[in-house]
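Enquirer: Give the three-dimensional model of this entry:
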Amino acid sequence: MEPEHFHHVQEDLAEPYNALRQAIPGVMSAYSALTTAAMADGALPAKTKELIALAIAITRECDGCVAAHARGAARRGATTEEVTEMIGVAISMNGGPGTVWGPRALAAFQEFFGG
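Expert: Have a look, this model is predicted:
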């Protein structure tokens, strides 16, 4: 994987995302509001929610989701140890695909954690 791959994933998605936001503003603003509400601190801190979302991104094999939630986890103070333990759970639940997407998630986290 090239350095800063996941930064490029986010950059590549920005223009199509903005076009979709213009085409269906109601749907996209509702999704944004849902995400904001779901990811806010509550009984579970936002950092934990980002780790859950990153585990789901591994399960769904979604590069854009991995990039977004690795960045979110880094921004919310997740540690490499927390991310690697979460990846262990994702591997346990997903088997072989988890061993492919887990390392991608770790690389994304390290990219955003370091940057």
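Enquirer: Can you tell me the closest non-neighbouring residue to V83?
Expert: In this structure, V83 finds its nearest non-sequential neighbour in F109, 4.8 Å apart by C-beta to C-beta, 6 or more residues apart in numbering. The way it works is simple: take the backbone N, C-alpha and C, and place the C-beta from them, glycine included.
Enquirer: what's the answer for E4, then?
Expert: Using C-beta to C-beta, 6+ apart and skipping the chain neighbours, the partner closest in space to E4 is E111 (6.1 Å).
Enquirer: can you check A55 too?
Expert: If the residues on either side of it in the chain are set aside, A55 comes closest to A90, at 4.6 Å by C-beta to C-beta, 6+ apart.
Enquirer: ok, now how distant is G77 from A107?
Expert: Applying C-beta to C-beta, to the nearest Å, the value for G77 to A107 is 19 Å.
Enquirer: what residues are up against the spatially most central residue of the chain?
Expert: By C-alpha atoms, centre = their mean, the chain has its centre lying nearest to H69, at 2.0 Å. With contacts defined as C-beta atoms under 8 Å, 6 or more residues apart in numbering, the neighbours of H69 are E50, A53, L54, I56, A57.
Enquirer: now with 6 Å?
Expert: Counting by C-beta atoms under 6 Å, 6 or more residues apart in numbering, H69 makes contact with E50, A53, L54, A57.
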